[in-house]
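>>> Return atomic coordinates for the entry below.
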Amino acid sequence: MKQLSSMGRRSSFRRLLSFAAFLLPFVCHPLLAAHANEVNAKAAVVIDGASEKILYAKNPNWKLQPASTTKLVTAMVAMDRLNPESIITISENAANTPSVSPRLRAGEKYTVKEILYLALMRSVNSAAVALAEATAGSEDKFVTMMNEKTALLGAENTWFVNASGLPGPGQYITAFDLAKIMKEALKYPAIREAISTRTRDIHSESGRRMIVKNTNHLLWMDDDLLGGKTGYTRAAGHCFVSAAKKGETTLITAVLGERVRDFLWQDSSTLLERGSDVIARKSEPMIYLSSSNESPVVFASYSGKAKKKHKGLRYKKARKARILSGNDKIKTAGKKHKIKTVGKRNKKKKGAHVSIVEKRKKSSGKSLS
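Below is the predicted model:
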């Protein structure tokens, strides 16, 4: 009887192992592995810096406050028109702009390059306003140039009302648009140098010396990092956009609406890992949606080939997409793709390389402090 009982136990154990082996492929399915809890921020994305294909994302088209990531556009517009060695005089208006230290004083003179470092490394709002005034004569006129610049980049879900990123009515950006802005910013040698610099001595024309340290902590944590730009306001929460060279590929990450500062580095590292896995074909591209009302804004990820670059209205039309009710079809660039609906929770595009995971409960839209 003891022998039979022992045999029965072994038989039950073998059945349990067989059942576990049967479940393993489903437990490791990318739809489950890429749960949104991997990323703490309200919205985040990692893209291929060459093709702009989304590799992994959470709410990539949510319109949120940009905070000081705005200064990347400020820097580009200024560098399009100013000589880095030209001298800027700080105005009363710029000096009185609410800002972190070091405070700039009215009447001080700096080179454009030094002001650029203050804006991008330390995120000094006064420096951003000084660049705007030196470029366009006033911040209001400069903001018009900023919005024209983002329109040319195809960042159609972005709108600025100031040069610094301070909260303002009607100002917004998306994680995907921010990633595209970073891609363009990397083409500017002066900007690329500033966002990759850890510390720098800044000198005014009169001899005032300031030692500034980059607010991007990931520069000390990831040797592959090409640079990045942080941002924070109570309304926006913590924000961060960065680029890293992983092998032959440049990956660009953007994180918006983070509650905790340290989560910026954690989420960005996670995004880089997910992006690297997709590039290495260890996993498929994934877009996670926190609300059934949200839809992906880009479908370059659905194709194995990189999309051609478009500008202006042609670029915008190629990027526009919407999910149609009824037949569950996605329309993009004149093509239709069917979505296979799995139950009521998960959606996966049939026969393609991207999965869309949808969570019914929408995250809180309250401002973060």
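
>>> from here on, contacts and neighbour counts on C-alpha atoms
Noted.

>>> where along the stretch 1-150 of the chain do the helices fall?
Per DSSP state H, counting those that start in this stretch, the stretch 1-150 of the chain carries helices over the ranges 2-27, 30-33, 71-79, 92-95, 112-121, 125-136, 139-152.

>>> Check which helices and strands the fourth one sits against.
In terms of contact count using 3 or more CA pairs under 8 Å, 6 or more residues apart in numbering; DSSP states H and E, helix 92-95 is assigned the packing partners helix 125-136.

>>> measure residue 257 to residue 98 for me?
According to CA to CA, to the nearest Å, residue 257 and residue 98 sit 21 Å apart.

>>> between these two, which one's more packed in?
Comparing residue 257 with residue 98 by other CA atoms under 10 Å, the one with more neighbours is residue 257, at 29 against 13.

>>> Remind me which helix or strand the more buried one belongs to.
Using DSSP states H and E, the element containing residue 257 is strand 249-258.

>>> After that strand, which helix or strand is next?
helix 261-279.

>>> Can you give me the buried ones in that next one?
Within helix 261-279, the residues scored as buried using 16 or more other CA atoms under 10 Å are 263-265, 267-279.

>>> which one of these sits closest to residue 39?
Set against residue 39, the nearest of those by CA to CA is residue 267 (5.4 Å).

>>> Quick check: nearest residue in space to that closest one, chain neighbours excluded?
Leaving out its chain neighbours, the residue that sits closest to residue 267 by CA to CA, 6 or more residues apart in numbering is residue 39, at 5.4 Å.

>>> Quick check: the one you found vs residue 112, distance?
For residue 39, the distance to residue 112 equals 37 Å [CA to CA].

>>> could you measure residue 131 against residue 261, distance?
Distance from residue 131 to residue 261, by CA to CA: 27 Å.

>>> same check, this time on residue 50
29 Å.

>>> again, but for residue 47
From residue 47 across to residue 261, the span is 22 Å (CA to CA).

>>> Same question for residue 223.
As for residue 223, its distance to residue 261 is 20 Å (criterion: CA to CA).

>>> same deal with residue 135?
Distance of residue 135 to residue 261, computed by CA to CA: 32 Å.

>>> do residue 73 as well
From residue 73 to residue 261 the distance is 23 Å (CA to CA).

>>> nearest to residue 55, of the buried residues of helix 261-279?
Minimum distance to residue 55 across the buried residues of helix 261-279 is 5.4 Å, recorded for residue 275 (CA to CA).

>>> out of everything not next to it in sequence, what's closest to that closest one?
Of all residues not flanking residue 275 in the chain, residue 55 sits nearest, at 5.4 Å (CA to CA, 6+ apart).

>>> Also residue 209?
Distances taken as CA to CA, 6+ apart put residue 203 closest to residue 209, at 4.6 Å, once the chain neighbours are dropped.

>>> which stretches of the stretch 51-200 of the chain aren't confidently modelled?
Within the stretch 51-200 of the chain, no stretch has pLDDT under 70.

>>> just so I have it, where are all the strands in the stretch 201-350 of the chain?
Assigned by DSSP state E, counting those that start in this stretch, the stretch 201-350 of the chain shows strands spanning 209-213, 225-233, 237-246, 249-258, 286-289, 321-324, 329-332, 335-342, 346-349.

>>> Keeping just the C-alphas, turn the first one into PDB.
Think strand 209-213. C-alpha atoms of strand 209-213 as PDB (Å, rounded to 0.1, in the frame of the first residue of the first chain):
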ATOM      1  CA  ARG A 209      31.800  82.700 -11.900                       C
ATOM      2  CA  MET A 210      29.200  80.000 -11.500                       C
ATOM      3  CA  ILE A 211      29.800  76.200 -11.300                       C
ATOM      4  CA  VAL A 212      26.800  74.400 -12.600                       C
ATOM      5  CA  LYS A 213      26.000  70.700 -12.500                       C
END
